[in-house]
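S.K.: Have a look; sequence and predicted model below, questions after that.
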Amino acid sequence: MLGLVLSALVSADVACAESGHNWSDVDAVLAVMQNRAVRREQPLWRVATAPGQFARGCSQIGKTVTTRHLLAGTRATLWMLDTPGWLDGDVLYFCSERGPTSGCARWREKGSWARRRLEEVGETRWKGRLVHRYFSDRRIRG
């Protein structure tokens, strides 16, 4: 029971820190977290708190976890997210498009997508701006 509560709270914080109030992106980010939990056979809270995997500390970046974030975290814990069709179980990665020092820019510079043979499968936007790009590792299925 404690693991479920912990997963919901940590998921809410990740949702807020990664996506703010972009509610379609919230579910997409949390779905990637779920996919990693399944692949790694680990609880959701452990995947969410792994070093360097997801942004956390919503209040530290001037945002506030809302009731809606807590509901999203609870839905993630209960595996009840509403995600787009392109976001299947193979989507394990996303990167932020927030300028020249963003995660996507660093991935492009290092050639990470090509080296890992990842396929870009979707993106999320907020008020017309690209926020995250999502990548699938189709090699998993063989």
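M.R.: Nice, thanks for sending it over.

S.K.: alpha carbons only for contacts and neighbour counts from here, please
M.R.: Fine.

S.K.: Now do the worst-scoring helix or strand of the chain on mean pLDDT: everything it contacts.
M.R.: When each helix and strand of the chain is scored by mean pLDDT, DSSP states H and E, helix 103-110 comes last, with a mean of 72. Here helix 103-110 makes contact (C-alpha atoms under 8 Å, 6 or more residues apart in numbering) with 95, 96, 97, 99, 113, 133.

S.K.: try 7 Å this time
M.R.: Residues outside helix 103-110 that contact it (C-alpha atoms under 7 Å, 6 or more residues apart in numbering): 95, 96, 97, 113.

S.K.: Repeat that for stretch 18-25.
M.R.: 26, 55, 124, 126.

S.K.: can you pull the alpha-carbon coordinates of that stretch into CSV?
M.R.: What follows is stretch 18-25, C-alpha atoms only, in CSV (Å, rounded to 0.1, in the frame of the first residue of the first chain):
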residue,chain,number,x,y,z
GLU,A,18,8.3,17.8,-16.7
SER,A,19,5.0,19.1,-18.1
GLY,A,20,3.6,21.8,-15.9
HIS,A,21,0.0,22.3,-16.9
ASN,A,22,0.3,20.8,-20.3
TRP,A,23,-2.1,18.0,-19.5
SER,A,24,-1.7,15.9,-22.7
ASP,A,25,2.1,15.9,-22.1
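
S.K.: what about that stretch, average pLDDT?
M.R.: When pLDDT is averaged over stretch 18-25, the result is 90.

S.K.: Now that stretch: buried residues?
M.R.: Within stretch 18-25, the residues that count as buried by 16 or more other C-alpha atoms under 10 Å are 18, 19, 20, 21, 22, 25.
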